[in-house]
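In: Structure of the sequence below:
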Amino acid sequence: MRVISPAELDVAAAVIKTGELVIVPTNRWYMICADAANSDACRSVFDGKRRPEAKSLCFVAPSFADYQKYFHFSAEAAKLADAFWPGDMALLLPWRDPQDAVKYAAVGSPALSTHASGILGELAAAVGLPLAATTANISGNGGPGDRGPAVTIREVDDFLTASGIVVTAVIDGGICPAANHMTVVDCFTEQARLARTGLVHQRAVAAALGRDV
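Out: Okay, here's the model as predicted:
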């Protein structure tokens with residue numbers, strides 16, 4: 001495993017393109033990333049995290065135009081994207097083309113999608129291809145004994161030791177301060193539904209939509 005700086009995104013992008021894995025810092029915590037179309041790379045993430053297949057990885061595209069190309073946006077989904085993307089919200093979105101749902105099966109259907117800010121978004125842009133991303137931790141139940149995803153490089157090392165996942169590069173972003181999830185909104189139907197609370201508060205979602213959620 002090679003630890004690199006945020007200035008070395010070209011190195012991380014090259015790693016992703018060869019089918020290998022990279023761990024990157026976000027405002028929330030460290031996340032492990034793969035080429036979203038590479039089923040073997042994504043499978044190694046599921047297996048190492050002991051992550052149920054029903055819990056999709058997150059789709060991170062190079063640009064907002066890519067999201068519009070891949071997904072249907074309802075009027076409410078468009079309002080949420082305009083208000084909170086790029087940022088700490090993920091939207092469950094329906095695919096435009098069923099073949100893309102097959103190609104990017106690791107991110108589910110509807111797809112768990114976020115227009116990421118910071119280094120994760122910059123990496124997706126540098127790769128020029130959609131990424132599949134998820135938190136750097138063994139999947140758990142979120143109970144009192146579950147420490148949660150890594151927020152430091154040392155905790156990344158602990159995760160890699162416990163999981164057995166082979167990662168080629170880790171981008172050192174220091175300490176991730178928020179240690180909280182993205183807010184997830186289900187936009188599969190015309191009326192959006194709050195699926196998980198997180199950094200974007202429920203009141204903010206309601207304000208963007210102009211109704212209670």
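In: Would you state the helices of this structure in chain order?
Out: Secondary structure of the chain, counting by DSSP state H: helices at 9-17, 39-49, 64-70, 75-84, 98-103, 118-127, 153-163, 202-209.
In: Just the buried residues of the first one, please?
Out: Going back to what we said before, that points to helix 9-17. Of the residues in helix 9-17, Leu9, Val11, Ala12, Ala13, Ala14, Val15, Ile16 count as buried by neighbour count, 16 or more other C-beta atoms under 10 Å. C-betas here are computed from N, CA, C, even on glycine.
In: tell me the most buried of the helices of the chain?
Out: helix 118-127 (a mean of 21; mean count of other C-beta atoms under 10 Å).
In: Can you show me the CA trace of it as PDB?
Out: Output of helix 118-127 as PDB, limited to C-alpha atoms (Å, rounded to 0.1, in the frame of the first residue of the first chain):
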ATOM      1  CA  GLY A 118     -13.700  17.400  -2.200                       C
ATOM      2  CA  ILE A 119     -11.100  14.800  -3.000                       C
ATOM      3  CA  LEU A 120     -13.600  12.100  -3.800                       C
ATOM      4  CA  GLY A 121     -15.200  14.200  -6.500                       C
ATOM      5  CA  GLU A 122     -11.900  15.300  -7.800                       C
ATOM      6  CA  LEU A 123     -10.800  11.700  -8.100                       C
ATOM      7  CA  ALA A 124     -13.900  10.800 -10.100                       C
ATOM      8  CA  ALA A 125     -13.200  13.700 -12.400                       C
ATOM      9  CA  ALA A 126      -9.500  12.700 -12.800                       C
ATOM     10  CA  VAL A 127     -10.500   9.100 -13.600                       C
END
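In: Listing request: residues of this protein with sub-threshold pLDDT.
Out: Applying pLDDT under 70 to the chain flags the ranges 141-145.
In: coming back round to it: for the helices of the chain, could you give me TSV that also reports distance to Leu112?
Out: Output for the helices of the chain, formatted as TSV (distance: least, C-beta to C-beta, whole Å):
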stretch	distance to Leu112
helix 9-17	19
helix 39-49	13
helix 64-70	12
helix 75-84	13
helix 98-103	12
helix 118-127	14
helix 153-163	21
helix 202-209	16
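In: Relative to Cys187, which of those is closest?
Out: helix 75-84 (3.7 Å; C-beta to C-beta).
In: hmm, who's touching that closest one?
Out: With C-beta atoms under 8 Å, 6 or more residues apart in numbering as the contact definition, helix 75-84 has outside contacts at 64, 67, 73, 89, 91, 93, 115, 183, 185, 187, 190-192, 200, 204-205, 208-209.
In: now it: how far from the chain's centre is it?
Out: In terms of C-alpha atoms, centre = their mean, to the nearest Å, the gap separating the centre of helix 75-84 from the centre of its chain is 18 Å.
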